[in-house]
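>>> Sequence first, predicted model second:
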Amino acid sequence: MRSRRTDVINYKGQRFSGYNKPKRTPGESKKFAVLAKEGDQVRLVRFGDPNMTIKKHIPERRASFRARHGCDNPGTKLSAKFWSCKAWSFAILGLISIYA
């Protein structure tokens, strides 16, 4: 018996598995997209350079990125900065790191 996915959200022609759940976007201008929701506000946020690799398993690179982007205060969920900092904080977006 198959369970039906009723929590799929269609937003501007794109499918999302839910609010605040990042997904990869191959072939797009950015590497990831997330349908961010904070309170009553909903926004499509794209982030990440598709031509670069994330090497957050290297502690020096992770610390440098977080310091450079001010990840101690990432701001609101509706910003690309928030989601980019979250991606460099721990394993999300299908990126597995034993150090995170």
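Yep, that arrived.
>>> Can you pull out the low-pLDDT segments for the protein?
For the chain, the stretches with pLDDT under 70 are 1-6, 90-100.
>>> show me where it has helices.
For the chain, helices defined by DSSP state H occupy the ranges 59-68, 80-89.
>>> Dump those helices to CSV, plus mean neighbour count and distance to Val42.
C-beta: built from backbone N, CA, C; applies to glycine. As requested, the helices of the chain are exported to CSV (neighbours: other Cβ atoms under 10 Å; distance: least, Cβ to Cβ, whole Å):
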stretch, mean neighbour count, distance to Val42
helix 59-68, 13, 27
helix 80-89, 19, 14
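>>> Out of these, the one nearest Arg46 is which?
helix 80-89 (6.8 Å; Cβ to Cβ).
>>> How about residues contacting that closest one?
22, 32, 34, 36, 45-48, 54, 56, 62, 65-66, 69-71, 74-77, 92-93, 95, 100 (Cβ atoms under 8 Å, 6 or more residues apart in numbering).
>>> now with 10 Å?
20, 22, 30-34, 36, 38, 45-49, 54, 56, 61-66, 69-77, 79, 92-93, 95, 97, 100 (Cβ atoms under 10 Å, 6 or more residues apart in numbering).
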